[in-house]
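**Q** Sequence isn't available, so here's the structure alone:
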């Protein structure tokens, strides 16, 4: 896929960051009207069915018989554990704070990419990793002092770990599956698993099918999950992966601001300090490494 114009790239990245940023407070609102596991299942199934419309013309690229295990493993980490843990965890923590901890994922992914995928590890990335863990430690200190829920912090960390493991696995196997089909299948299968689990553990009668809940469900399913992942892969396919990564640090900021303004969530000193450390950490980890070129080196002319 050819590179896009600067304007289109900026618009798509802005859309992605805003949608994934408001996802957390919107989910917090939805959880007032629904049990968490059922909501996690319903929204991912709907998002997957919408993406199916885009995936069907690429049916020959599915190759499910040969790669079914990749779909299932990715589904376990990226959908069942990631979406499941985050939806349950939002019952215990403010949306903004939860997103800050979950977006430690790029930091964890940096470690996994170095240890598992053989990617380079350099000074700035190491500093970023240390700052990221320090940020979570500060936030956790706030929970231990009684300001925050320890259970919520643990669920947020587990959600980040699951997402990091799932992303690393997808990177490891990326040449063997089609990216659009991978997201579509894992959303549908993962959504059905969580819906089934929610049916067994929760009650459908507990869902309040009012306008706020239905509107939030539709918005998240369409714009956050289906359109969000589609835009993400459009950007990746256009060679904009590094730009997407470098702007992910804005997502928890948007979530914090939205939660504070519209949900009146508390903004503590622990959260502020941890937020600053984690945002700087994510920026350092995602910042492209500058490779110095010897002053006397030159590229030989093509003969």
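**A** Arrived safely. Owing to the predicted nature of the structure, the values given are computational and were not obtained by experimental measurement.

**Q** How about the contacts made by the closest residue in space to residue 40 that isn't next to it in sequence?
**A** Closest residue to residue 40 apart from its sequence neighbours, by Cβ to Cβ, 6 or more residues apart in numbering: residue 87 at 3.9 Å. All C-beta spots, glycine's among them, are computed from the backbone N, C-alpha and C. Applying Cβ atoms under 8 Å, 6 or more residues apart in numbering to residue 87 gives the contacts 27, 31, 36, 37, 39, 40.

**Q** Count the residues that sit near the first one.
**A** Translated: residue 27. By other Cβ atoms under 10 Å, 25 other residues sit near residue 27.

**Q** pLDDT score assigned to it?
**A** pLDDT for residue 27: 94.

**Q** any chance you could map the helices in this protein?
**A** Assigned by DSSP state H, the helices in the chain fall at 6-30, 36-55, 64-75, 82-89, 95-102, 105-115, 123-144, 150-172, 179-201, 211-219, 228-237, 241-247, 250-262, 269-286.

**Q** how close does the closest residue to residue 12 other than its chain neighbours sit to residue 9?
**A** Distances taken as Cβ to Cβ, 6+ apart place residue 231 nearest to residue 12, at 5.2 Å, with adjacent residues excluded. Distance, residue 231 to residue 9, by Cβ to Cβ, to the nearest Å: 11 Å.

**Q** Same check on residue 224?
**A** For residue 224, the distance to residue 9 - Cβ to Cβ - is 20 Å.

**Q** Return the distance of residue 127 relative to residue 12.
**A** The spacing between residue 127 and residue 12, counted by Cβ to Cβ, is 30 Å.

**Q** Neighbour count for these two, which is higher?
**A** Under the criterion of other Cβ under 10 Å, the comparison of residue 127 against residue 12 puts residue 12 first, with 20 against 14.
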